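Participant: 3D, please:
(one chain, ligands or ions: 1)
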Amino acid sequence: MADQTVEWIRRGDIALLVISNPPLNALKPTTTIELVAGVRRSEGDPGVKATVLIGANETFIAGADIRQLGGPSTPPGQRATDLIDLGEKPVVAAIDGFAVGGGLEIAMACHGRVATARAEMGLSETLLGVIPGGGGTQRLPRLVGVERALDLILSGRRCKSAEALKLGLVDQVIESPDELEKAASAFALSLCGKVQTRRIRDMPVSGTPDERARLFAAARRRADATKGGNRHALHGAIDAVEAACGLALSEGMLREQHIFGTLVNTVEAKALRYAFFAEREARRVPGMPASSVFPSAQRAAVVGAGTMGAGIAMTFAEAGIPVLLMDVDAEATRRGQERIAATYMASVKRGSLSSDEMSRRMALIGLAGSYEQIAESDAVVEAAFESLPIKQKIFSILADCTKPGTLLLSNTSTIDIDLIAAGNPRIADIAGAHFFSPANVMKLVEVVVGLSTSATTLARTFELSRKLAKVPVVAGSCDGFVANRSRMPFQTEVQLMLEEGASPEQIDRVMMAFGYPVGPFMVGDIAGLDIGYAVRKLSAEKDPNFRKLPIPDRLVEMGRHGQKAGAGWYRYESGSRTPQQDPVVAEIIEQVRRERGITPRALSDEEVLHRPLFGAVNEACRILEEGMAVRPSDIDVMWLHGFGFPRQHGGLMHWADRIGASAILRQYDHWAERLGPRWSPCDLLIETARSGQPLCDTPTRWHLQHRD
Ligand code: NAD
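Facilitator: Okay, here's the model as predicted:
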């Protein structure tokens, strides 16, 4: 049968149940039925002593098909897991690759688990706004205890076999995947006659009620403080694990299913699933070849050892890639190295980095004194001053000195890649790799393609970014590219609202209540207000109609550059990062209002939230109209990973769809009257409002179809 996902194979005393649904053996609804049939066949075959569950395609089961979440599910009591675990003959899971989500739940229903050293296991459902729904919250605490079960379920992290063995999650680890079937079969036979002692359902959860109560209380406090956008799922998971401590497995499974049902179709869970698929979709760029066909970078260099260059060099070192750092002279290069050492040292002092790991990373960061020394690099990232002549010169030297095929990437945040690459003999190898600040922390890399950037360069830049544990998203080379361009109206509105009557404290509070980890003014103080000041100065030089922002300009001119200066939008006690309201800032705001003849008014929290975000939605629509982004969800991925947009809202465009384009448009009309022509909606927003289609369904108008 073409759709068959489980094959029953007899090997002497053993029946093998081989699960195959390439590439990762995701569970289909029919897989469960086939597993039930397979286990029944083994039970009924007198020649079979034990069954081994094993995956084809070098993996066990990478969970249920997420697209089917929210659909009908098999009730507890009739699931494959019930039958496996209650059977008379041993069933052992042979785990290679991934046993994640529903895959690990099936493995835990077995009487034993043998894994390869490279296998990884986890229950990642809470990251998608739900809880494990196949008995995971009931069996895991029985098997590994409440503390470890909470850690795995609430973090959603995967653990490797060595850790799983220590936890008691697996019984045996073997080095070679070739030996897996044999080892699992031998282990299964060794369990003959001992099945009853191996059923996790009958195991008590360890610890005293008091000890467990303390663990649950602490977990609930952490769940309340989460910044992951999945607070409801975390609380649901804690409730379910708590149920495992007091109820028999069958009753606990009903409780788990009930909690799952209350979560699966919530706004939060839908947004988290949307974000998950948006991230996967962003890896598909029209015309981009599969990145896996290219060798990955083994050696890299960074030209410009300032704020960004230092951060980018750190990401290379953290990915284990040797990198050479280079600036205008030895002194500037050494300052970059010192900046890196100081950042790592602060982490060592905080206890978030070991000094061994710091030494390992520092050893991977070398210093180069000339371009000849970086000639053999597989990738060079330029992070020098934001100046076209400087960048053109650097790329012209790089074109001469680097070996053919070296990726030549610019971290520019504003300059057209086509201008940087114009006339360069290696034009096809040049692209933008726009890291966000701080580069060693923020996950987004906007991969900016110029008109002459080759499809190979695009694919290799994606591959490199992923190797650096970043999230690459493609963008066209327009002013501000996609991420910053779509965010510009957000920044502007936030400032104009201050002039009209809002305060930094109100705006930060509203944005944090929406789910941002910190408000925009706090972010400004962390990043440094002098950067925006310099950008505004340049913009004002280029555009005589540029709307000046006197409040932040005045703060910078007073030396209030942010946290580093002890003052910015807020005041900071020496050595503290806690923002304190500062009457000096309120006075500056008042001064500017008086000068501009503005009578301040109270802005509602709704206006404070909607104005910056609605402004950004319109610009995002313009970007899509121009074909500068491939799809709306790419913009959402940029907001999630470049600007800390709250994941429980999915992303800017997903959030806008919940409000609806027509409601946004009505608000635009109203604001256009009151606030002026910057509130003119673009055609795409108008069309979408008229059609009633979601913004996220906007068909692609991507301007480049790459071919080599
Ligand atoms: P920075 O001023 O901190 O560092 C720039 C470094 O480049 C300096 O150390 C300087 O000595 C060096 N440099 C100048 N000319 C050079 C040359 N010809 N050869 C080698 N080194 C040279 O600036 P930054 O904030 O790190 O920004 C660097 C680039 O990254 C800019 O293009 C900027 O637009 C971009 N960027 C900055 C941010 C940010 O938030 N700072 C974010 C994204 C992108």
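
Participant: give me the number of residues near the residue of the stretch 151-300 of the chain at minimum distance from the ligand?
Facilitator: Nearest to the ligand in the stretch 151-300 of the chain, going by C-beta to the nearest ligand atom, is Ala300, at a distance of 15.3 Å. For every residue, glycine as well, the C-beta is placed using N, CA and C. As a burial measure, Ala300 scores 28 neighbours (other C-beta atoms under 10 Å).

Participant: For it, give me its contacts.
Facilitator: Contacts for Ala300 (C-beta atoms under 8 Å, 6 or more residues apart in numbering) come out as Phe316, Ile321, Pro322, Val323, Leu324, Ser377, Asp378, Ala379, Val380, Val381.

Participant: now, which of these sits nearest the ligand?
Facilitator: Of all the contacts of Ala300, Val381 has the smallest distance to the ligand: 9.5 Å, by C-beta to the nearest ligand atom.

Participant: pLDDT score for whichever residue of the stretch 251-400 of the chain sits closest to the ligand?
Facilitator: Minimum separation of the stretch 251-400 of the chain from the ligand (C-beta to the nearest ligand atom) falls at Gly306, amounting to 1.8 Å. At Gly306, the model reports a pLDDT of 94.

Participant: shouldn't it be in contact with Thr333?
Facilitator: No. Contact criterion C-beta atoms under 8 Å: Gly306 and Thr333 do not qualify, at 10.7 Å.

Participant: so where does the spatially most central residue of the chain fall, helix or strand?
Facilitator: Residue closest to the average C-alpha location in the chain (C-alpha atoms, centre = their mean): His641, at 6.1 Å. His641 is part of helix 632-643 when elements are defined by DSSP states H and E.

Participant: Is the residue in the stretch 51-200 of the chain positioned nearest to the ligand in a helix, a strand, or coil?
Facilitator: Taking C-beta to the nearest ligand atom, the ligand has its nearest neighbour within the stretch 51-200 of the chain at Leu127, 27.8 Å off. Secondary structure state of Leu127, per DSSP: H, G, I helix; E, B strand; the rest coil, is helix.

Participant: what are the ranges of the strands in the stretch 51-200 of the chain?
Facilitator: 91-95, 98-100, 112-116, 120-122, 158-160, 172-174 (DSSP state E, counting those that start in this stretch).

Participant: Nearest to Glu338 among the ones you listed would be which one?
Facilitator: Nearest of the strands of the stretch 51-200 of the chain to Glu338, taken as C-beta to C-beta: strand 158-160 at 35.2 Å.

Participant: Now do the closest one: distance to the chain's middle.
Facilitator: 18 Å (C-alpha atoms, centre = their mean, to the nearest Å).

Participant: do the same with stretch 683-701
Facilitator: Chain-centre distance of stretch 683-701: 26 Å, with C-alpha atoms, centre = their mean.

Participant: Show me the helices in the stretch 501-650 of the chain, by range?
Facilitator: In the stretch 501-650 of the chain, helices defined by DSSP state H, counting those that start in this stretch lie at 504-514, 520-527, 529-542, 550-557, 583-595, 605-625, 632-643, listed in chain order.

Participant: any common contacting residues for Gly306 and Thr333?
Facilitator: The contact sets of Gly306 and Thr333 overlap at Asp327 (C-beta under 8 Å, 6+ apart).

Participant: For burial, what's the neighbour tally of the residue of the stretch 451-600 of the chain found nearest the ligand?
Facilitator: As assessed by C-beta to the nearest ligand atom, the ligand sits closest to Ile531 within the stretch 451-600 of the chain, at 5.5 Å. Residues lying near Ile531 (other C-beta under 10 Å) number 17.

Participant: How about Lys391?
Facilitator: Neighbourhood size, Lys391 [other C-beta under 10 Å]: 23.

Participant: for Arg466, same thing?
Facilitator: Arg466 sits with 16 neighbouring residues when counted by other C-beta under 10 Å.

Participant: With Arg536 instead?
Facilitator: 17.

Participant: got the contact list for it?
Facilitator: Phe546, Lys548, Leu549, Pro552, Asp553.

Participant: between the residues you listed, which is closest to Phe521?
Facilitator: Closest to Phe521, out of all of the contacts of Arg536 and judged by C-beta to C-beta, is Pro552, at 9.5 Å.

Participant: my read: Gln506 touches Val608, true?
Facilitator: Yes. Taking contacts as C-beta under 8 Å, Gln506 lies within contact range of Val608: 6.2 Å.

Participant: Pull up the gap between the nearest residue to Pro520 once chain neighbours are set aside and Phe643, please.
Facilitator: Leaving aside its sequence neighbours, Pro520 sits nearest to Val494 (C-beta to C-beta, 6 or more residues apart in numbering; 5.3 Å). To Phe643, Val494 is 12 Å away according to C-beta to C-beta, to the nearest Å.

Participant: and if you look at Arg40?
Facilitator: In terms of C-beta to C-beta, Arg40 sits 53 Å off from Phe643.

Participant: of the two, who's got more company?
Facilitator: Taking other C-beta under 10 Å, Arg40 and Phe643 do not tie; Phe643 has more neighbours (20 against 13).

Participant: if we can go back for a sec, out of the strands of the stretch 51-200 of the chain, indicate the one that is most buried.
Facilitator: Comparing those by mean neighbour count (mean count of other C-beta atoms under 10 Å), strand 91-95 ranks first with a mean of 30.

Participant: picking that back up, can you lay out the strands of the stretch 51-200 of the chain as TSV showing mean pLDDT and distance to Lys542?
Facilitator: Rendered in TSV, the data for these read as follows (pLDDT from 0 to 100; distance: least, C-beta to C-beta, whole Å):
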stretch	mean pLDDT	distance to Lys542
strand 91-95	98	59
strand 98-100	97	51
strand 112-116	98	59
strand 120-122	97	50
strand 158-160	96	49
strand 172-174	98	62
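
Participant: In CSV: the ones you listed, plus distance to the ligand.
Facilitator: Formatted as CSV, these follow (distance: least, C-beta to the nearest ligand atom, whole Å):
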stretch, distance to the ligand
strand 91-95, 42
strand 98-100, 34
strand 112-116, 41
strand 120-122, 33
strand 158-160, 31
strand 172-174, 43
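
Participant: In TSV: these, plus distance to Ala240.
Facilitator: Output for the strands of the stretch 51-200 of the chain, formatted as TSV (distance: least, C-beta to C-beta, whole Å):
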stretch	distance to Ala240
strand 91-95	22
strand 98-100	18
strand 112-116	22
strand 120-122	16
strand 158-160	20
strand 172-174	28
